[in-house]
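S.K.: Provided below for reference: sequence and predicted model.
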Amino acid sequence: GAVVSQHPSWVICKSGTSVKIECRSLDFQATTMFWYRQFPKQSLMLMATSNEGSKATYEQGVEKDKFLINHASLTLSTLTVTSAHPEDSSFYICSATGTSGSYNEQFFGPGTRLTVL
Amino acid sequence: GESVGLHLPTLSVQEGDNSIINCAYSNSASDYFIWYKQESGKGPQFIIDIRSNMDKRQGQRVTVLLNKTVKHLSLQIAATQPGDSAVYFCAENRVNAGNMLTFGGGTRLMVKP
């Protein structure tokens, strides 16, 4: 159980276009989903926290108008990178938490590799 | 721990030997500490966690030690196998901060056959 999927697994786009990444919890209801960005040879950096039905909370330095997050249901959150530029090329990873266990363990998706030309 | 630099420290071990991966953390208010394994091009995979009021926890072939005095966390892997080759991250969890995870910088483990 506790499987999180992401789609697409990789995407290549032209500079200036927008890209949408989906994160789904397949077998549980995710009250909270998190979006991370990971540059090569670096750790995961939290971008934003999203709760179903409410606005996402963005970390300092993350532009909310550039990285649009929608968490419309308990099983789906989307991250849209608007007007993408080469510096947005990165590995984007989502995670989701349910309500099981002594703390809300985060279950991670497989990641989406974004390359902006 | 804090994410630092562009070069992951690397630990190289011989297959069958024990591995010890270390992590320093900064927030004494963390409730849980978690170790993740990340293979190339994949998302992090949960290995083991430890509550902040414990100092040791064992799993299958893995042991996590927590030293709150010096804010140090370690992951010990017994009888390391080639399949253990990956990047390992420690992370801190704070329940009262919306269950946020703060990741450490990571260590690359390379297992030589």
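M.R.: Received the coordinates, thanks.

S.K.: Remind me what the strand ranked longest in chain B packs against, helices and strands.
M.R.: In chain B, with assignment by DSSP state E, the single longest strand is strand B:86-94. Contacts defined by 3 or more Cβ pairs under 8 Å, 6 or more residues apart in numbering or on different chains; DSSP states H and E place strand B:86-94 against strand B:32-38, strand B:72-77, strand B:100-103, strand B:107-112. The C-beta positions use only the backbone N, C-alpha and C, and glycine is treated the same way.

S.K.: pLDDT weak spots in chain A?
M.R.: Low-confidence segments of chain A (pLDDT under 70): A:1, A:99-104.

S.K.: Up against chain B, what does it have?
M.R.: Contact residues, chain A versus chain B (Cβ under 8 Å from any Cβ of the partner chain): A:4, A:6, A:32, A:34, A:40-46, A:49, A:57, A:91, A:93, A:95, A:97, A:102-111, A:113.

S.K.: what residues does chain B put near chain A?
M.R.: B:3, B:5-8, B:31-32, B:36, B:41-46, B:49, B:51, B:89, B:93, B:95, B:98-106.

S.K.: Please spell out the PyMOL selection for the buried subset of those residues.
M.R.: Those of the residues of chain B next to chain A that count as buried under 16 or more other Cβ atoms under 10 Å in any protein chain shown are selected in PyMOL with:
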select buried, chain B and resi 3+8+31+32+36+42+43+44+49+89+93+99+100+101+102+103+104+105+106
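
S.K.: Report all helices and strands that the least confident helix or strand in chain B by mean pLDDT contacts.
M.R.: Sorting the helices and strands of chain B by mean pLDDT, DSSP states H and E puts strand B:100-103 at the bottom, at a mean of 90. Helices and strands touching strand B:100-103, by 3+ Cβ pairs under 8 Å, 6+ apart, are strand A:45-51, strand B:86-94.

S.K.: what's the most buried one of those?
M.R.: Most buried of those, by mean neighbour count (mean count of other Cβ atoms under 10 Å in any protein chain shown): strand B:86-94, with a mean of 23.

S.K.: Next, the angle from that strand to strand B:107-112.
M.R.: Note on geometry: by axes from the mean of the first three to the mean of the last three Cα atoms, to 10 degrees, strand B:86-94 and strand B:107-112 are set 150 degrees apart in direction.

S.K.: residues contacting B:His72?
M.R.: By Cβ atoms under 8 Å, 6 or more residues apart in numbering or on different chains, the contact list for B:His72 reads B:Asn22, B:Cys23, B:Ala24, B:Tyr25, B:Leu66.

S.K.: What's opposite it in the beta bridge?
M.R.: Beta-bridge partners recorded for B:His72 (DSSP bridges): B:Ala24, B:Asn67.

S.K.: now swap in the one 5 residues further on and tell me
M.R.: Listed by DSSP bridges, the beta-bridge partners for B:Ile77 are B:Ser19, B:Val62.
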